[in-house]
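Asker: Need coordinates for the following:
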Amino acid sequence: MPVENTSEDTNAGDRGSSLVQGQSSPLSSKGRGPTGIVTVVSLSMSGKDDVNKRCTSDIIDKFFSTYRELLSRCVRDFRGFIVASNQDEATVVFQQPWDALNCCLTIQTAFIASSWPDEILSLASCARVEEPRGMAGKTLVFNGPRLQIGVSRGKLESEYDFAASRTKYRGNELHVSLEISKLAKGGQILANTAAWGEVQRSQLSPCFHNDTGRHKIDKCERKQRLYEVLPSALAERSKWFGTTCSNCGDKIRPDQGYIKALGRHWHLKHFRCCHCNNPLMDSYIVKDGMPYCLDDFFTLHARTCHGCDTIITGSYIEAMSNYWHPDCFVCQKCKRAPEGSENIYELNALPFCLKCYHEVSNSVHEAHRKAQHKTRLSPVAKPVRADELKHRTVIKS
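Answerer: Prediction:
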């Protein structure tokens, strides 16, 4: 089976470090391409070996001719520049991230809508898959070749080759997009934050997106958060690709339990308290976007009741520059809670009703007068109204 790769530098391992030359194939772009900060798309076909091993040469030629024609048309429609390609792989750069993502969405839609030979559809990697959809009948999920697409954004060095009449590129983003495409499943688009974060939903054709968590990318110092992006009509595909643990980045298998928390998915043993690192199997409390077990949260962050000097674990009242259990914020003499618009009076940082306030303050003055000492009472600049008290609750998840 002939391969239309005529370039020296289109091997996957070389794309990130060397100038990449295009091929004399239907997937070559001529002229000047995007420069500076660009969006890079790497794509390849899942199950290519099955096609080459199990199909006749005529079917293979027809199949890859249709394959390249669809890719070339979609890339051209969205102003993409093909950097490198071979039989089933291509690397394309776009100046704008929304053009790149719209091109990816269009490619997935075009491939599922195309007609493919029966010999191709008989392969497990290219089989037609439909799913029931209520009274509407069935939804087409897969049909034909399934492309793995990775999208990244960053700065590339570019150089115009006058002899070849085309722009050549080099830079790490070529490698990053390739590695992301390897993480994608057949029929899936994965984009990193640098690419996805630059677009507004209004700039894209109707689509479904999902945060798949952080993933280790070769030659990247930190894990990168990847977003699954699919055409809205193909959103059912997402459940075929599995769920990714936000901690380790591995897929959560159907036979494994998981926790959905903080808008992400986690292996049962990987959703942990950010302080003690113990698994959070029961209740937890979130502070500043981080999960805590109850013991650590109340030890590190919980408020103490000014009335009983114990930790507040539920509802509380904020008044007189302190925090109180609702049952503790009562008149300190008659133990009656304030009602309606009844005023609360402060004496030595403690609450009193009006009657008890006068009784206690008079007795304090009298005791000090007899002892020939002056008492210094807390100033009462303004009574605290019961309906002005700030009621709060510690939220447990």
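
Asker: pull the CA atoms of the strand or helix carrying residue 75 into PDB?
Answerer: If you go by DSSP states H and E, residue 75 is part of helix 57-77. Only the C-alpha atoms of helix 57-77 are listed here, as PDB (Å, rounded to 0.1, in the frame of the first residue of the first chain):
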ATOM      1  CA  SER A  57      -6.300  -2.200  -2.600                       C
ATOM      2  CA  ASP A  58      -9.200  -0.700  -4.700                       C
ATOM      3  CA  ILE A  59     -11.200  -0.100  -1.500                       C
ATOM      4  CA  ILE A  60      -8.200   1.400   0.300                       C
ATOM      5  CA  ASP A  61      -7.500   3.800  -2.600                       C
ATOM      6  CA  LYS A  62     -11.100   4.900  -2.800                       C
ATOM      7  CA  PHE A  63     -11.400   5.200   1.000                       C
ATOM      8  CA  PHE A  64      -8.300   7.400   1.500                       C
ATOM      9  CA  SER A  65      -9.200   9.500  -1.600                       C
ATOM     10  CA  THR A  66     -12.600  10.400   0.000                       C
ATOM     11  CA  TYR A  67     -10.900  10.800   3.400                       C
ATOM     12  CA  ARG A  68      -8.400  13.300   2.100                       C
ATOM     13  CA  GLU A  69     -11.000  15.100   0.000                       C
ATOM     14  CA  LEU A  70     -13.200  15.700   3.100                       C
ATOM     15  CA  LEU A  71     -10.300  16.900   5.200                       C
ATOM     16  CA  SER A  72      -8.900  19.200   2.500                       C
ATOM     17  CA  ARG A  73     -12.300  20.800   1.900                       C
ATOM     18  CA  CYS A  74     -13.000  21.400   5.600                       C
ATOM     19  CA  VAL A  75      -9.500  22.900   6.200                       C
ATOM     20  CA  ARG A  76      -9.900  25.200   3.200                       C
ATOM     21  CA  ASP A  77     -13.300  26.400   4.200                       C
END
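
Asker: So which bits of the helix or strand just after it are buried?
Answerer: Counting by DSSP H and E, the element after helix 57-77 in chain order, helix or strand, is strand 81-85. By neighbour count on 16 or more other Cβ atoms under 10 Å, the buried set for strand 81-85 is 81-85. Just so you know, the C-beta spots here come from the backbone N, C-alpha and C atoms, and that holds for glycine as well.

Asker: Sheet partners, orientation included, of strand 81-85?
Answerer: Neighbouring strands of strand 81-85 in its sheet, by DSSP bridges, are strand 90-94 (antiparallel).

Asker: Need the residues that contact stretch 230-238.
Answerer: The list of residues contacting stretch 230-238 from outside it, by Cβ atoms under 8 Å, 6 or more residues apart in numbering, reads 105, 108-109, 112, 131, 133, 139, 141-142, 187-189, 205-210, 228.

Asker: Can you tell me which of the residues you listed are buried?
Answerer: With burial judged by 16+ other Cβ under 10 Å, the buried subset of those is 105, 108-109, 112, 139, 141-142, 187-189, 207-210, 228.
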